[in-house]
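Chemist: just the structure for this:
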Amino acid sequence: MKKVAVIILVLIFLILSVLSCQKKEAIKVEKKAAKEQCDTVGGKKLEMYQMSEMAALMEQMYVDNQRLKERIQKGDTIGQFPQHFLKIHKAVMTDESDNDAFFKEQAAKFIKAQEMIYKDPKNAKKHFNNGVDACIQCHQQKCGGPIPRIKKLYIKE
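Modeler: Purely as a prediction, here's the structure:
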C-alpha cells in the first residue's frame, strides 16, 4: 500500500512538473507575441529614433543658450564663446540636402551674433536676440517644429 502511494505521489509530481514547464513555455510565447505586436504598427517594424549629429548639436546649443540667457538677464559675466558652436558648419544632418546655401548663410549669421555677445557684452541682449532671429529664420524654411521652443529664448526688453 505504501508503494502504491509513493508511485501515485511520484506520478502526480511528474505530471505537475510537465504542466508547469508547458505553462512557462506558453507564457514565453505570449510575451514574445506581445513584444512583436508592440514593435510593429500597421505591419511596419518600428525603429528607435537616432538623432543626427546636427540635431544633437542644436539641442546642446539650445541648452547653452538657455544658460547664457539667464547670465545676461542677471548681469553675470558672459564667459567664453563655446567653440563647439562652430560644428554647425560641418555637423551631419538628418537630410543632407538641407545643408544648402540658405542654411550656410543662416548658420553664419547665428555664429556672428553669438560671437558678438562675447565681443560686445554691453549689447549682449541685442546680439543674443539676433542669434535667436537667425535660428527662427532658418527653421521657418527648413524645419518649423522647434520654432515655439526657440522663441522662448528671446530676452524681452
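Chemist: going forward, measure contacts and count neighbours with C-alpha atoms only.
Modeler: Noted.
Chemist: for Ala55, give its distance to Met61.
Modeler: Ala55 sits 10 Å away from Met61, going by Cα to Cα, to the nearest Å.
Chemist: can you give me the buried ones in the helix or strand containing Asn129?
Modeler: Under the criterion of DSSP states H and E, Asn129 resides in helix 124-141. Residues of helix 124-141 classed as buried: 124-139 (neighbour count, 16 or more other Cα atoms under 10 Å).
Chemist: just give me the closest of the residues you listed to Pro146.
Modeler: Closest approach to Pro146 among the buried residues of helix 124-141 (Cα to Cα): His139, at 7.4 Å.
Chemist: pLDDT score assigned to that closest one?
Modeler: At His139, the model reports a pLDDT of 89.
Chemist: give me the spatial nearest neighbour of it, chain neighbours excluded.
Modeler: Distances taken as Cα to Cα, 6 or more residues apart in numbering put Ile147 closest to His139, at 6.6 Å, once the chain neighbours are dropped.
Chemist: residues in contact with that neighbour?
Modeler: 136, 139-140 (Cα atoms under 8 Å, 6 or more residues apart in numbering).
Chemist: make a markdown table out of the residues you listed and add distance to Glu47.
Modeler: Below are the contacts of Ile147 laid out as a markdown table (distance: Cα to Cα, whole Å):
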| residue | distance to Glu47 |
| --- | --- |
| Ile136 | 30 |
| His139 | 26 |
| Gln140 | 28 |
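Chemist: which stretches in this structure count as helices?
Modeler: Ranges of helices within the chain are 2-38, 53-74, 101-119, 124-141, 147-151, based on DSSP state H.
Chemist: export those helices as a markdown table, with columns for distance to Lys87.
Modeler: Output for the helices of the chain, formatted as a markdown table (distance: least, Cα to Cα, whole Å):
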| stretch | distance to Lys87 |
| --- | --- |
| helix 2-38 | 37 |
| helix 53-74 | 8 |
| helix 101-119 | 10 |
| helix 124-141 | 15 |
| helix 147-151 | 19 |
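Chemist: please identify the most buried of those helices.
Modeler: helix 124-141 (a mean of 20; mean count of other Cα atoms under 10 Å).
Chemist: and it with helix 53-74, angle?
Modeler: In terms of direction (axes from the mean of the first three to the mean of the last three Cα atoms, to 10 degrees), helix 124-141 departs from helix 53-74 by 150 degrees.
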